[in-house]
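1. no sequence on hand, only this structure:
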Ligand code: ADP
Ligand code: ZN
């Protein structure tokens, strides 16, 4: 029997980022299992730790004993332990960070959810022998009658704790701990039947089934235009997978985890779907988790972090809208759900299915190179065509003295929508009223005192607000720089668009959806319902309305300013812009009324915009791939970003230089860029400086880099400048 255990201390610190060995006292031998949490002495105190392995022997001397076990059952599976090892290496995180990603926060506080104490009668116990103690007699009668009573229900049945205690002492009842009975998810109500697949869908479905049949891991990219019926393929593939006796998982971006989406899955697999997203309360989350652990849930539907759900033998993992950057966790451990999903698919000999109308350049490149099976769907389910897209050159509008935020073409089309009582979406990727406030006389821009950005004007609340730190200030009447009065508002946001629409169409009902109007839990579904019931004609919004919405009544989509994303100084900006435009365009022409898209821009010749107009993914892909090739950016290289931040500008630069000097001799063929100020140089009073490592097979350098990171954190005053290490960053701003 193993007498030793390898334990990771539950402390978020680089100092303890390695396993420690402990002796298992004889009383715990045989009970302790990998994945359980234990209490161990460490230094002069006791800490919680996670048991990773049991050991027959160890060369470490003077071992201390494990003090106690904290869980009746392991909280981590063997798979999760293996995954944590890999993550710590791949994403340069501490092991404990990786473990925390897998265990829900409520488990982490030491409580295991779903366990309850039950009082049951010992077999043979007879209340007739208790004539002298009427309270106990009555209590035992009730317990026998109910077979078993949850401890917290005793009171409501009129049984006192004292009576139970006495019965327990007499050996007539006993307390057992049981899994909480899991309530089934109520389900969205209507059961849905599988659609008969169209030809294209059928071909794709067949290939996915082949992958499920073959008992080896396979990665598949389903490139299907908007409304080509990808979701139906997901549903039928999952059904097949369940028939094989396996489980399945589908990840969607947080934003598309709408009631409509949940109903799709609940309707097809009633009572067998666990839904995981960030808006759940702790109790709800625990219930979903319990459904997974007890094996009742065979399908997990969730956002990014659901990728860690301890489903037993998943045969199919689906990532819908796989290009979305919400799949990247932007805090340590900085993982990408796509990488985790592929790791898990390999572990289980399962299939990973990536779906998108606009696959990430990197995913498509892999498919072209033959690393991923590529499936295509080029037709929409309904006999509707993709909508025609018209580009409006806003420079020309200006030249012709047309200064409204709506071009003449967009106005004309809006008028028609209103006249015909149809619906329109107006998309603008900025909330608030105006992106910046500028003095026409001296050029002064109101900036956030803590961040290196201009403040956004929020007209409804009459304030200026920083979108990075939420700092608020009053709206200037005179310029703080020159006391001039020619204050002007630039870069329209959702509020400005709303105001303009109200001016133009005072009697038309409109809805505005952005982070400011959807703060409450129910707001999202409320607006969604209102618009789908056609209680409003115009929906104005940010990215929030660009994705997933399926409204047949929408005949016009207006993109107010396509340049908002395009102008960000990030190498992925063109890709983001193309994806976003394609997504919004896909929101129309879904019904019999057809549809039209109007894109307003100051850069009408940019390939992101031209290709979006033509619905030309491969054209965009080729052009953008060539740019990436020339700059040796992903997929032609891997990147690691080292971001240093702190309140003292000089200290931040010194730390970045120290680190960069040390990484240079390790880099080999890889290129080291920086240190340089990040584009967002100051956020929340923190200066930000970064270095980039660019090369291939960077995994070879991982052990050396990890060592350097540890050395960095072992320096004097390590907390003065924070270091964030990001493997294949999704943003380098
Ligand atoms: P995508 O995910 O590719 O954007 P959806 O899966 O949302 O497309 O499909 C669009 C609509 O078409 C949905 O309402 C869906 O129920 C319906 N649909 C999908 N496949 C079929 C089919 N084979 N026959 C009829 N309707 C279908
Ligand atoms: Zn700020």
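-> Cool, got the structure. Computed from a predicted model, the values in this text were never measured in an experiment. Ligands and ions are numbered 1, 2, ... in the order given.
2. next up, phi/psi of the residue in the stretch 301-450 of the chain that ligand 1 sits nearest to, please.
-> Of all residues in the stretch 301-450 of the chain, residue 381 sits closest to ligand 1, at 3.8 Å by Cβ to the nearest ligand atom. Every residue, glycine included, has its C-beta placed from N, CA and C. Taking degrees, to the nearest 10, you get phi -60, psi -50 for the backbone angles of residue 381.
3. which residues touch the residue nearest to it when sequence neighbours are not counted?
-> Nearest residue to residue 381, sequence neighbours excluded (Cβ to Cβ, 6 or more residues apart in numbering): residue 229, at 4.3 Å. By Cβ atoms under 8 Å, 6 or more residues apart in numbering, the contact set of residue 229 is 195, 197-198, 201, 377, 381.
4. from the residues you listed, which has minimum pLDDT?
-> Among the contacts of residue 229, residue 381 has the lowest pLDDT, at 86.
5. can you tell me how far that one sits from ligand 2?
-> Distance, residue 381 to ligand 2, by Cβ to the ion, to the nearest Å: 45 Å.
6. do you know how far that residue is from residue 492?
-> Residue 381 sits 35 Å away from residue 492, going by Cβ to Cβ, to the nearest Å.
7. the two: which is more packed in?
-> Set side by side, residue 381 and residue 492 show more neighbours around residue 492, with 21 against 18, by other Cβ atoms under 10 Å.
8. can you give me the helices for the stretch 301-450 of the chain?
-> 337-347, 361-368, 394-399, 408-419 (DSSP state H, counting those that start in this stretch).
9. what about the second one, average pLDDT?
-> Helix 361-368 shows a mean pLDDT of 96.
10. just checking, what packs against that helix?
-> Judged by 3 or more Cβ pairs under 8 Å, 6 or more residues apart in numbering; DSSP states H and E, helix 361-368 is in contact with strand 218-224, strand 373-377, helix 617-631.
11. kindly recompute the last result at 7 Å.
-> When contacts are defined as 3 or more Cβ pairs under 7 Å, 6 or more residues apart in numbering; DSSP states H and E, helix 361-368 sits against strand 218-224, helix 617-631.
12. what helix or strand is the closest residue to residue 259 other than its chain neighbours located in?
-> Of all residues not flanking residue 259 in the chain, residue 525 sits nearest, at 5.0 Å (Cβ to Cβ, 6+ apart). Element membership of residue 525, judged by DSSP states H and E, is helix 523-532.
13. quick one: furthest residue from the center of this protein?
-> residue 132 (62.5 Å; Cα atoms, centre = their mean).
14. neighbours around the closest residue to ligand 1 within the stretch 1-150 of the chain, how many?
-> Going by Cβ to the nearest ligand atom, ligand 1 is nearest to residue 101 of the stretch 1-150 of the chain, at 28.2 Å. Other residues lying near residue 101 total 23 when counted by other Cβ under 10 Å.
15. tell me how far it lies from residue 646.
-> According to Cβ to Cβ, residue 101 and residue 646 sit 25 Å apart.
16. again, but for residue 237
-> Residue 237 sits 48 Å away from residue 646, going by Cβ to Cβ.
17. can you pull the contacts of the residue nearest the centre of the chain?
-> Per Cα atoms, centre = their mean, the C-alpha nearest to the average position across the chain is that of residue 304, at 3.5 Å. By Cβ atoms under 7 Å, 6 or more residues apart in numbering, the residues touching residue 304 are 251, 326-327, 329, 337.
18. so which of the residues you listed sit within strands?
-> Among the contacts of residue 304, the members found in strands (DSSP state E) are residue 251.
19. for ChimeraX, what selects the buried ones among the contacts of residue 304?
-> ChimeraX command restricting the contacts of residue 304 to the buried ones, with burial defined by 16 or more other Cβ atoms under 10 Å:
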select :251,326,327,329,337
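20. once you drop chain neighbours, what's closest to residue 234?
-> Closest residue to residue 234 apart from its sequence neighbours, by Cβ to Cβ, 6+ apart: residue 318 at 5.2 Å.
21. for the one you found, give me the pLDDT.
-> 98.
22. give me the distance between residue 567 and residue 492.
-> 14 Å.
23. show me which residues of the protein sit near ligand 2.
-> For the chain, the residues in contact with ligand 2 (Cβ under 5 Å from the ion) are 448, 450-451, 466, 468-469, 471.
24. which residue ranges form the helices in the stretch 1-150 of the chain?
-> For the stretch 1-150 of the chain, the helices defined by DSSP H, counting those that start in this stretch cover 78-90, 95-102, 105-108, 134-145.
25. tell me which of those helices sits nearest to residue 723.
-> Proximity to residue 723 (Cβ to Cβ) singles out helix 95-102 among the helices of the stretch 1-150 of the chain, at 13.6 Å.
26. pull the residues that contact that closest one.
-> 8, 10-12, 17, 50, 76, 80, 84, 87-88, 108, 305, 308, 332-333.
27. go with 8 Å
-> So helix 95-102 is contacted by 8-12, 16-19, 50, 76, 80, 83-85, 87-88, 91, 108, 305, 308, 310, 329, 332-333, 335 (Cβ under 8 Å, 6+ apart).
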